[in-house]
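Chemist: here you go, sequence then predicted model.
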Amino acid sequence: MTKIAIILGSTRPGRNGEAVARWVLEQASSRTDAQFELVDLRDHPLPHLDEAVPASMGMYAQPHTKAWAATIAGYDGFVFVTPEYNHGMTGVLKNAIDYLYAEWANKSAGFVSYGSAGGARAVEQLRLVMGELQIADVRQQVQFSLFHDFESFSTFVPGSQHAAMAAVLFDQVVAWAEALQPLRDAAAGQPVAA
């Protein structure tokens, strides 16, 4: 079955992202076309990038890099849940992305973001990074406003319209993950179905 990681891209104390990511997982839990799992960057503490060789060479030396690579390699696609900090993505998310290369390639990605501007600018940056990693990012995006989807900027109370948006996001991420399976098979040296 297609496996999709919901990557929680914030580790800061008191983060709003945990409630958002759990909402995303809850929305996806009734689907039968893919298995969705939460991957919390708090559970994968990566120091600032400490690999001497670029990730594209695939020569990981550090145990934490190898563990992170094994985690990401097991997924066919991703839903990144990210806040927007200073018109961009979080440093911890960018750092986690930069550790790997092949483990990201030929997979799909969608974005759920939140912030004062709905996290739109963080996703703009992420879309640029996805292209370099050969990740097919989908058009649909779910954006939460700190002004309308959170009480007192901290208690998550999403508007009902977001569920339908999330369903479209999941449809697109799963469809692209399945479409890219032959490329993943070829990269792994497996026979590709004609």
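Modeler: Nice, I can see it. Residues are numbered from 1 along each chain as shown.
Chemist: V39 belongs to a strand?
Modeler: Yes - under DSSP: H, G, I helix; E, B strand; the rest coil, V39 falls within a strand.
Chemist: so it bridges to which residues?
Modeler: I7 (DSSP bridges).
Chemist: for it, give me the pLDDT.
Modeler: With respect to pLDDT, V39 has a value of 98.
Chemist: do the same with Q190
Modeler: Per-residue pLDDT puts Q190 at 71.
Chemist: wait, a strand at it?
Modeler: No - counting by three-state DSSP, Q190 is located in no strand; its state is coil.
Chemist: what number of residues lie near it?
Modeler: 11 (other C-beta atoms under 10 Å). C-beta here means a position set from N, CA and C on the backbone, and glycine is covered the same way.
Chemist: what's the answer for P13, then?
Modeler: 4.
Chemist: what do you get for the one 5 residues further on?
Modeler: One way to gauge burial is a neighbour count; for E18, by other C-beta under 10 Å, it gives 17.
Chemist: for the most centrally placed residue in the chain, pull up the helix or strand it's in.
Modeler: In the chain, the C-alpha nearest the mean C-alpha coordinate belongs to F80, at 2.6 Å (C-alpha atoms, centre = their mean). Assigned by DSSP states H and E, F80 belongs to strand 77-83.
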